[in-house]
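Peer 1: structure here, sequence nowhere to be found:
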């Protein structure tokens, strides 16, 4: 008998109905349209080949209720735990007929050593353009040092995806930050998503980034390994 067709898992999708892919770098807290009790663990890693720095962050994502999910993330620098992050995400709507999904996401980030606190809040819009082409955009704010001298950045993230096959997706993700003083920073990450099974997805890419060092462009090698339950 022929093998049954492979059905894409929820491991790397931004919504449950349209199955639009999920960005690798600035990811979502489970897909839009999440169901209560769904759970995912994943980890994003960034390696800088020029200085040997390796940053990585394990995450636990859980559906608190239908259309509402939370995430706990623990960012590391090499072997040193540096920060705590807690996020929440709500689905506003998924329109299968129009090929769109919308929601919002917010998170708080606390530095373990300095206790400095920052927060992000973004609006999420995903769109299925054709059977193979789709996109996801986020527009929002980041407030640095909430508990000290607050500073605001504007966030604009855009990712375009092309589904090569049910298992393989190509993506181009652009993350942008603009300070109130006018400084523009970016990260551009071409990426590949591969669904190894119904439970595991591997995302890989290379990036050019000025997010951490606006005065120079860093080259990074990145990956995210995802496991759904």
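Peer 2: That came in fine, so what should we check first? Every value quoted in this text rests on a predicted model; they were computed, and no experiment measured them.

Peer 1: next one: the most centrally placed residue in the chain from residue 124, what distance?
Peer 2: Geometric centre of the chain, nearest residue: residue 27, 1.1 Å, by C-alpha atoms, centre = their mean. Counting by C-beta to C-beta, to the nearest Å, the separation of residue 27 from residue 124 is 11 Å. The C-beta positions use only the backbone N, C-alpha and C, and glycine is treated the same way.

Peer 1: rewinding a little: give the contact list for the residue nearest to the centre of the chain.
Peer 2: Going by C-beta atoms under 8 Å, 6 or more residues apart in numbering, residue 27 touches 42, 44, 224.

Peer 1: which of these has the largest number of neighbours?
Peer 2: Among the contacts of residue 27, residue 224 has the most neighbours (other C-beta atoms under 10 Å), with 26 neighbours.

Peer 1: what's near enough to touch that one?
Peer 2: Taking C-beta under 8 Å, 6+ apart as the test, what residue 224 contacts is 24, 27, 42, 43, 44, 45, 202, 203.

Peer 1: does it sit in a helix, a strand or a coil?
Peer 2: Secondary structure, DSSP: H, G, I helix; E, B strand; the rest coil: residue 224 is strand.

Peer 1: quick thing: my sequence starts at 334, can you match it?
Peer 2: Okay, using 334 as the starting number, the last item reads as residue 557.

Peer 1: neighbours of the residue lying closest to residue 433 once chain neighbours are set aside, how many?
Peer 2: Spatial nearest neighbour of residue 433, excluding adjacent residues (C-beta to C-beta, 6 or more residues apart in numbering): residue 460 at 5.2 Å. Residues contacting residue 460 under the criterion other C-beta under 10 Å number 17.
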